[in-house]
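Need coordinates for the below:
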Amino acid sequence: MAFIARAIRSGTVRRDDKVRQQAISVLRKYERKMKKDFAKTTQTWTGETPTFDSRISFPRVSPDMTLWVGAVNDGSFGWRKFNWLNKGTSIRWALLSEDWMSKTYPGRLGSTEGLGEVLIRGREMIEAGIPAEPGIEARNWDKMIRDLHIKDFQRDMKAAVARGLRISAKMVR
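This is a model prediction of the structure:
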């Protein structure tokens, strides 16, 4: 559950501090934007929620730069719930009330108030002989957030590299 951007494969970027500074500035900009988008997915949740984090990697010895933004796999119920919704499930071990309305929907970035309650779940269903319900349709938030930003990210990164190269060229003169 992450966004990884390999924006540039160039030795010039790796060796040029001005280009590097401009590129990292763009990575930080999209890091903030994407963390806000991930937070929208759980804004109305009660109880445990996942922790969203990010990492930027742009080592001087590698031409790759990466931006990872996503839910931290800390094993918590909040992370598991987010993962079930994001990736979807083939079955669901929860029986929901008749008035149930989900807080989240596929193709929608965000979370509403929702309605209803979980009547019985997990082991209780198995012990009561109640079969599993149809699975949860994947929300694909990670892909949706990546797709929302990728074109602007690529455009901004190209501009940042060009800006960095211009700054470096001025300094050499």
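
What ranges does the chain have for its helices?
Secondary structure of the chain (DSSP state H): helices located at 11-15, 17-40, 77-87, 123-127, 141-172.

Would you mind saying which of the ones you listed lies nearest Leu95?
Ranking the helices of the chain by proximity to Leu95 (CB to CB) places helix 123-127 first, at 6.3 Å. In short, each C-beta sits where N, CA and C put it, glycine included.

For Gly107, find the nearest of the helices of the chain.
Among the helices of the chain, helix 141-172 sits nearest to Gly107 (CB to CB), with 7.6 Å.

Give the buried residues for that closest one.
By 16 or more other CB atoms under 10 Å, the buried positions in helix 141-172 come out as 141-142, 144-146, 149, 153, 156-157, 160-161, 163-165, 168.

From the chain's centroid, how far away is that helix?
Averaged C-alpha coordinates place helix 141-172 at 19 Å from its chain's average position (CA atoms, centre = their mean, to the nearest Å).

how about JSON lines for the helices of the chain, with mean pLDDT added?
Formatted as JSON lines, these follow (pLDDT from 0 to 100):
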{"stretch": "helix 11-15", "mean pLDDT": "55"}
{"stretch": "helix 17-40", "mean pLDDT": "92"}
{"stretch": "helix 77-87", "mean pLDDT": "95"}
{"stretch": "helix 123-127", "mean pLDDT": "94"}
{"stretch": "helix 141-172", "mean pLDDT": "89"}
